[in-house]
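> Predicted model and sequence follow; I will ask about them next.
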Amino acid sequence: MSRIGRAPITVPAGVEVKVDGSHITVKGPKGQLERDIAPTMSVEQDAGVLHVKRASESKMDKSLHGLTRTLIHNMVVGVTDGFEKKLEINGVGYRAEKKGSQVVMKLGFSHDVTVDETDDIKIDVPDANTLIIKGIDKQKVGQFAAEVRSKRPPEPYKGKGIKYDYEVVRRKAGKSGKK
């Protein structure tokens, strides 16, 4: 049995989970998330704890068991705490500033790069070289952060560009002069 799949999901106070067949709705203080799960998975709810069960021992059901539990757990965490990704901007003259609901970044191009906030995603700019992307849906936060990073990914020679705060850029030596 899947170790992740059989782990119970504790639902904190203030979070309401509604299971309707293969459709799950999670409401919490930060918002509401909905998701359709595989029809072979079933979710049992009792006394503030959710259990994900699978219909059979087929390879596909075993694969979906842990995934379904993790997706539901991420929904519960998202509506209570939310998710965030932190990006760092490195490079001389590279910086970001927030103007209304837009973030304007100077990334060494001849033009400014502009990124708009969405209804689900909020962007904080605590200083000129840091972006914090926040939201309740883990997948949307990660995708948005990846799209912002793709505007100027870090290069291996000087490390200039946008990188995650935990990312380590492997540096290359560059050209060696004539001796």
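Yep, it's here. Numbering: from 1, shown residues only.
> Now stretch 134-145: buried residues?
Of the residues in stretch 134-145, those buried under the neighbour-count criterion (16 or more other C-beta atoms under 10 Å) are 134-138, 140-141, 144-145. The C-beta positions use only the backbone N, C-alpha and C, and glycine is treated the same way.
> Could you list the paired strands of the longest strand anywhere in the chain along with their orientation?
In the chain, ranked by residue count with DSSP state E as the criterion, the top strand is strand 83-90. Applying DSSP bridges, strand 83-90 is found paired with strand 130-135 (antiparallel), strand 161-164 (antiparallel).
> what's in contact with the longest one?
So the one you mean is strand 130-135. For strand 130-135, the external contacting residues (C-beta atoms under 8 Å, 6 or more residues apart in numbering) are 78, 82-89, 96, 103, 120-126, 141, 144-145, 148, 162.
> ok, 10 Å please
Strand 130-135 is contacted by residues 30-31, 78, 82-89, 95-96, 98, 103, 105, 115, 117-126, 140-149, 162, 165 when judged by C-beta atoms under 10 Å, 6 or more residues apart in numbering.
> Now distance to His23 and mean pLDDT too, for the strands paired with strand 83-90, in TSV please.
TSV is the format used below for those (distance: least, C-beta to C-beta, whole Å; pLDDT from 0 to 100):
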stretch	distance to His23	mean pLDDT
strand 130-135	21	96
strand 161-164	33	96
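> Take the buried residues of stretch 134-145 and keep only those in helices.
Cross-referencing these against helices under DSSP state H gives 138, 140-141, 144-145.
> and the residues you listed as TSV, adding pLDDT and distance to Pro154?
Below are these laid out as TSV (pLDDT from 0 to 100; distance: C-beta to C-beta, whole Å):
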residue	pLDDT	distance to Pro154
Lys138	96	23
Lys140	96	23
Val141	96	20
Phe144	96	18
Ala145	96	14
